[in-house]
Structures are given as C-alpha cells and as structure tokens.
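In: Need coordinates for the below:
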Amino acid sequence: MASTRRKPRRRVWPKIRLLLLVGAVAAGATALYPVWRAANPEPTELTVRYRTDTPASTGAAKPWLEVFNTSEKTVSLSDVTLRYYFTADGASEYAFNCVQAAVDCSDISGTFDTPDSPTDTADRYLEIGFTADAGTLKPGANSRGIELQLYRVDHKDLEQSNDRSFDAEKTSYKESKLVTAYKRGTLVWGEEPDGNTQASTASAGASAASRPTVPAGVLFDNFHYRGPDDPALSRHGWLVRTSKGGPGIDDTWSAKGVSFPAEKDALGAQVLQLQATTDGTEAGTHQASLGSTGTEFREGTFAARIHFSDKPTSGDNGDHVNQTFYAIGGKGTKYSELDNEYMPNGGWGAPGPKLDTTSWYSYEKGDRVTSKLEESLQGWHTVMITVDDDVVTYLLDGKKLFSSSGKYAPRAGMSVNFNTWFVDLPFKGDRVWDMQVDWLYYNANDIVSPKDVGTEVKEFSDNGMNYFNTVPAS
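Out: Numbering: from 1, shown residues only. Next up, the predicted model:
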C-alpha cells in the first residue's frame, strides 16, 4: 500500500510578520522625522546677522545687516535679496539710504512692498538688492556690515515697537530670522510674517534680472536724505556749505537752508530743497548751497530736474535772487566754470525773469561768453549741459539754448553745485525763497539725449537705485 506524503507547509506567516515589522519601523520613522529634522536642520545657504543702535521711537530705523555664505558653493550677491519687515506708521511714503557698506553703497538698491500675508507687525518691507558689481561670497565668507537708514519722507518719528524685524536688544551683530534672505527669489533664511520657514518663491521684487546694470562712469542721486547732517549725505560726496565768502551776501551760507522734504511730483517722492531767507539785512540773511566734494566732473552729460520759483514762498516779491546749477573747478590757467543762473526778478541791472547760461575762461578778468533766455521758468524743468570735444552746449527741457567752444571749454575737473542766493538786498522785511532739485545725473563717457536721460533716471529710481557713483575720482 503506497504511503501518503503530507505537502510541505508554506512559510507565509514569517514573511507577513517581517513585512509588518518593516511597515511599523517605517511608520515610526516617518512620525519621528519632523522631530529629528528639527533637531538636525539642513545647512542653510545664507545666514543674516542684524544689529541696530536706535530706540523704539526714532527719526530713522537703522537696520544694519551682514550676510554669511554658509553653503559650500560661491554665491553671487546679485542673486541675493534681503527683507526687513515693519509696520507703516500713517500714510507717509518711506525712503531708505545706505550710509556705508563694505560692498559699496553704489551697489545696493532698496524698494518697498507689502507682504503677501500682512500681519500686525509686518504690513510693509524694505527689500535690499545687490548689483553684479557687488561681487561674490565664497563659502564661509561674510559681506561685512551694510549700514542702512529707513525713514518717513515727511520726517516724522517712527514707532518701531511693533516692527517685526526690529530688535532693540541686538546692539551687536547677531543672527536674526526675522530678516529673511532669498537666493534667486527662493527663501533660504529666516521666517516670513505668515510663519513660513520652508523654501518658497518670493512673490515680488526678488529678481536680480529686473534691476538695471549700474553703468560705468555715471553718477545718479535722487536725494534720499534726512537732512544736512545725514551721515549718508557726506558719505555720498556732498558738502553743505557753511564757509565764508560770496557770491551774494558775504558770509551768510548756512546749513539751516538745506533740507529734503517730501514732494509728490518728484521721481522719488523726495527732493533737495535750498532755501534762502532774509529780513533785508546782512545779519538776517541766510543763503543755501550743496556741492560735490569731488572734482571728477568735466566732459560728458550733466543733467538735473529743478523747480525754479518766480515768487517767494512767503513775504514780498522783488528780490534779486539767483537760483543756480553749475560746475566749477581749477585755478589760474585751468579755471573752469559752467553756469545756469535763473533770476526771476533780474539782477546786476538787467530785468527778469531770465536764465543766464555762461561759460567762463577767467573770473578775475571777467572773460566769459553768455546767453540769456528771457522768460518765466516757474515750475519743474530739466536743465542740461553737455561737454563734447571742447564744445559746451546748454539745454532746457530738451531744447538747445546756447553753445560755446574753444578756450571756454573746461580745462579741469569740476565740482557740481546747486545754490540759492541774493544778488543784493533791495528792501527790508522777511521773505523766504525756495529752489528744489529732484535728481542729478552725470555721465562722464557719453553725450546722452534728453529723452534717454529721462528714461535712465526713471529706471534707476523705480528700481530703488537712489544713489550710485561710478565716476573715476580725479
């Protein structure tokens, strides 16, 4: 009788138990991953450190920043943007300037915008960007200090106690995740106002490609300053005149006439204002002047948008007041001066209103050539001077006024100046005269058309490039 063999039992149960064990371990690992990741975060590409030296209530916030490259690859600063979050105090426009930076203030831009998800402590932010000339950060490198000022253009105090990124305790550089950093628009450092800390694409402003390139040999300034004692003003090469001498009423140059008020018709919502005041006596007279400390300006294109006044801001009309935009430099046989002088009531025996455009060869000998435009210039105008192959041309709102050449062309580098002063004091009584300047543009390399000047300066201002100077020093 044949024996019956029992079929071997399949070893299924051990396999099921193994699968269950693997699943349990995987589930546990998944559940514990957030805890592990929090304790072992991925290395950041950038780290931002912040400091300030201002109290909560102040005339200007001072967010001073440093950027560290904490990755293993070189980072181009032009790919980096930083956001400082604050709460708007009222309806005023805001402005910023760069006081000093190791990467050079000429290579820093600043724009304002609103977060996608505003909060009680962050309904605005200042975004800082860098030009291609700002260079790169090697692994482990530090940008070093970037000293900024943020302020209201109406110059009222800021209340920083409810500003997300402000921290009065950080009086020396310390890490701050309340200042966010982006690389090519992607969040790589910090916490956004809605609490996001994960890599995400910024919705506005963080594109380096959107910023125009800073051209070589160009100065641009739209006068985003707090006042005559703003440290950024002198750092950017400007001098408020308080020295003795003329022209006008001798020894009456004063810093009190230089200010930077809000102006809705200005390109950057703020202007340089030069105010001359008098009561009709020398002792009661104050004239105002702002000029460059550098004398690197000679050939190329000079341009400024200026508001001339036909009447005093207050007091009786009739002063022989002079509102000027000019370049001057050199001595002796190198003396050079190119003038635009607007005198609404005339001066030196000639009636007004008139704009004198003058090229000088010798001040001592009175050797000059001049042209006179006899019409009112009340309001805003673009005033230009071009110097090309020893030919000097003066233009107003794109229209040629006058050209000079030969020995009347500048023979030395010059400074650029704006001032308001009195030719004489014809009567007693208090009066105030104001001249305003929206922006200054100078191109040492090219003769730029009036239309192209306007296009360039608007592009610079729209992209937060309020100041830069790439003109080689003389």
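In: how long is stretch 45-64 end to end?
Out: Its start and end residues considered, stretch 45-64 measures 20 Å (Cα to Cα, to the nearest Å).
In: Surely Thr295 is within a strand?
Out: No: Thr295 is assigned coil when assessed by DSSP: H, G, I helix; E, B strand; the rest coil, not a strand.
In: That one against Val416, yeah?
Out: No: using Cβ atoms under 8 Å as the test, Thr295 is too far from Val416 to be in contact (9.2 Å). Quick note: C-beta positions are derived from backbone N, CA and C, even for glycine.
In: Neighbour count: these two, which is higher?
Out: The neighbour comparison of Thr295 against Val416 (other Cβ atoms under 10 Å) goes to Val416, with 26 against 18.
In: now that one, what's its secondary structure?
Out: Using three-state DSSP, the structure places Val416 in strand.
In: So, low pLDDT: which residues of the stretch 51-200 of the chain?
Out: 200 (pLDDT under 70).
In: any chance you could map the strands in it?
Out: All strands of the stretch 51-200 of the chain, identified by DSSP state E, counting those that start in this stretch, fall at 57-58, 64-69, 75-76, 80-86, 94-101, 108-113, 124-130, 136-137, 146-152, 158-159, 174-175, 179-183, 186-189.
In: strands paired with the longest one, and their directions?
Out: Paired strands of strand 94-101, with direction, are strand 146-152 (antiparallel) (DSSP bridges).
In: Which residues outside the partner strand are in contact with it?
Out: 59-67, 84, 86, 89-90, 92-103, 108, 110, 126, 128, 158, 226, 230, 232 (Cβ atoms under 8 Å, 6 or more residues apart in numbering).
In: Run through the helices of the stretch 1-150 of the chain in chain order.
Out: Per DSSP state H, counting those that start in this stretch, the stretch 1-150 of the chain carries helices over the ranges 13-39.
In: Give me the buried entries from the contacts of strand 146-152.
Out: 60-67, 84, 86, 89, 92, 94-99, 101, 103, 108, 110, 126, 128, 158, 226, 230, 232 (16 or more other Cβ atoms under 10 Å).
In: Enumerate every residue touching the closest residue to Ala409 other than its chain neighbours.
Out: Nearest residue to Ala409 in three dimensions, chain neighbours excluded: Asp390, at 3.9 Å (Cβ to Cβ, 6 or more residues apart in numbering). Residues in contact with Asp390, defined by Cβ under 8 Å, 6+ apart, are 405-406, 409.
In: beta partners of Thr324?
Out: Glu341, Asn419.
In: just use 748 as the starting number from now, easier for me
Out: Noted, 748 is the first residue going forward, which turns the last one into Thr1071.
In: Look up the pLDDT of it for me, please.
Out: Predicted confidence (pLDDT) for Thr1071: 98.
In: pretty sure it contacts Asn1166?
Out: Yes: here Thr1071 reaches Asn1166: they are 5.4 Å apart, a contact under Cβ under 8 Å.
In: The two: which has the busier surroundings?
Out: Neighbours were counted for Thr1071 and for Asn1166 using other Cβ under 10 Å; Asn1166 has more, 24 against 20.
In: The more buried one reaches Leu1021, doesn't it?
Out: Yes: between Asn1166 and Leu1021 a contact is recorded at 6.2 Å, counting by Cβ under 8 Å.
In: what residues are shared contacts of these two?
Out: Common neighbours of Asn1166 and Leu1021 (Cβ under 8 Å, 6+ apart) are 1035-1037.
In: which among those gets closest to Pro865?
Out: Relative to Pro865, the closest of these is Leu1037; by Cβ to Cβ it sits at 37.9 Å.
In: Now do the strand or helix carrying that closest one: which elements does it pack against?
Out: Leu1037 is part of strand 1035-1039, with elements assigned from DSSP states H and E. Secondary-structure packing of strand 1035-1039 (3 or more Cβ pairs under 8 Å, 6 or more residues apart in numbering; DSSP states H and E): strand 985-987, strand 1005-1006, strand 1019-1025, strand 1162-1169.
In: Figure out which of those is closest to Gly1211.
Out: strand 1019-1025 (18.5 Å).
In: how about stretch 926-934: buried residues?
Out: Quick answer for stretch 926-934 (16+ other Cβ under 10 Å): 926-932, 934.
In: picking that back up, okay if I get the helices and strands packed on strand 1035-1039 as JSON lines plus mean pLDDT and distance to Tyr1108?
Out: Below are these laid out as JSON lines (pLDDT from 0 to 100; distance: least, Cβ to Cβ, whole Å):
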{"stretch": "strand 985-987", "mean pLDDT": "98", "distance to Tyr1108": "26"}
{"stretch": "strand 1005-1006", "mean pLDDT": "98", "distance to Tyr1108": "31"}
{"stretch": "strand 1019-1025", "mean pLDDT": "98", "distance to Tyr1108": "28"}
{"stretch": "strand 1162-1169", "mean pLDDT": "98", "distance to Tyr1108": "18"}
